[in-house]
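Participant: After the sequence you'll find the predicted model.
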Amino acid sequence: MILFKVVVFVFILIFALVFAYFNLQSVKISFFNFSYELPLFLTIFASFVLGFLIAYITTGIKSLEWRRYSERIKRALESLWTGYPDRARGEFSKLLDNEETVPLYTRSMEELGREASLYLQKYSRGIVETLIAESLFKEEKERAQDLLEKALGKNWKNLRARRLLRSIYFLRGEGEKAIDLQRKVLQDSEKALKTEEKRVLASLLAEVRGAEALDELENLPYTPASLSVLCSHAEGKDRRKFAAKMFAEGVQNETLLAVVEKNSLTPEIMEEVEEHTEEVHPVVLALLYLSVGMYEKLESLKDSLPAPIRTLIDRGYLEDRECYRDMFSLIRLLECGKCGKEYARYTPVCVNCLSWNRLKIIGGS
């Protein structure tokens, strides 16, 4: 790199000397009542230097502001991540005119056990509205929806706001709105996230449109929600094919719980389960046997079931299907892989953190 700079400098110097040699004649420069005669090459050289200096000074003034900003951000982040939240709060508070720093300021306030006061009218990129919506969607979904819609009104490119709004639409029963918004999210997402967003679309279509979306579901990545529709409503041999897919994808327990929840068990599903009983969680298997009235097989699973279910079996309540269903509905078999919230029933979206397709079987408690 140094050699390259030396070569460039020598080239420029030689060019300047050659230019000076061929331009020794003088030119007359007038300014008000003063006149001067200067060599042509010196005049051009002086003009070049003056233009360079003006550009350099202008750029320097702008870069000075950015340098101060970056130094302050660096100090604030270092303080925040090394356990000095009050010091970080002080630095971030000087940067609140920059909307992108507000979430970090809020984080430092949370570390201090305090709540940040924010003025939405001050900002124009929708980041603050998204931040507030994230903090209150559990208690006030309607207000969170309103904030997210305002955020997107300011900046439609805010994918974080679109993803949150999609999930809130779904939880509030506005499934078609959620699907339409998810298609736009998928279109604008980064390449690394395309597959994940397709999975979200598949789950949305399965939950909202069900069998009506079969053709589209076949061309999307598989999820427990979409497989529960495909292996129950596809035609003929395709049902068995999709039933096998849930084992191949490793989501058989979650898919089977979704199937039972929708009361859409088919002979093809049970045939596939019978060939892979060792891969199905005992409680899920027991729930399947209960749903189709295979009580003798339920008895054989007794030792691997939770204590309340074993008690019912021991007392001879095998054929009291409603009693069993009520008992199974109290067993938390699923857990969100992101936030850890436990569930008794399968759902594609976690109501606690709004993550999609993250529920996994954990056991029973």
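Facilitator: Nice, I can see it. Residues are numbered from 1 along each chain as shown.

Participant: quick one: contacts of stretch 195-207?
Facilitator: Applying CB atoms under 8 Å, 6 or more residues apart in numbering, the contact partners of stretch 195-207 are 166, 170, 175, 178-179, 182-183, 185-186, 189, 213, 216-217, 220-226, 228-229, 348-349, 356-357. No exception for glycine: its C-beta is placed from N, CA and C like everyone else's.

Participant: Show the buried residues in those residues.
Facilitator: Buried members of those, counted by 16 or more other CB atoms under 10 Å: 166, 170, 178-179, 182, 185, 189, 213, 217, 220-226, 228-229, 348-349, 356-357.

Participant: among these, which are in helices?
Facilitator: In helices, judged by DSSP state H, the following of the buried ones among the contacts of stretch 195-207 are found: 166, 170, 178-179, 182, 185, 217, 224-226, 228-229.

Participant: Adding distance to Ile309 and pLDDT, write the residues you listed out as a markdown table.
Facilitator: Formatted as a markdown table, those follow (distance: CB to CB, whole Å; pLDDT from 0 to 100):
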| residue | distance to Ile309 | pLDDT |
| --- | --- | --- |
| Arg166 | 37 | 98 |
| Phe170 | 32 | 98 |
| Ala178 | 36 | 98 |
| Ile179 | 38 | 98 |
| Gln182 | 38 | 98 |
| Val185 | 41 | 98 |
| Leu217 | 33 | 96 |
| Pro224 | 23 | 97 |
| Ala225 | 26 | 97 |
| Ser226 | 30 | 97 |
| Ser228 | 23 | 96 |
| Val229 | 28 | 96 |
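
Participant: so which of those residues comes closest to Met294?
Facilitator: Nearest to Met294 among those is Ser228, at 20.0 Å by CB to CB.

Participant: wouldn't that closest one be in contact with Asn263 here?
Facilitator: No: applying CB atoms under 8 Å as the test, Ser228 and Asn263 come out as separate, 11.0 Å apart.

Participant: returning to what we had before: which pair of the ones in helices among the buried ones among the contacts of stretch 195-207 spans the longest distance?
Facilitator: Using CB to CB, the two most remote members of those are Val185 and Ser228, lying 22.9 Å apart.

Participant: all strands of the stretch 151-300 of the chain, in order?
Facilitator: For the stretch 151-300 of the chain, no strands turn up when DSSP state E, counting those that start in this stretch is the criterion.

Participant: ranges for the helices of it?
Facilitator: For the stretch 151-300 of the chain, the helices defined by DSSP state H, counting those that start in this stretch occupy 159-171, 175-188, 194-208, 214-218, 224-233, 237-248, 252-261, 267-275, 282-292, 295-300.

Participant: Would you point out the helix or strand in the chain whose mean pLDDT is lowest?
Facilitator: helix 321-328 (a mean of 64; mean pLDDT, DSSP states H and E).
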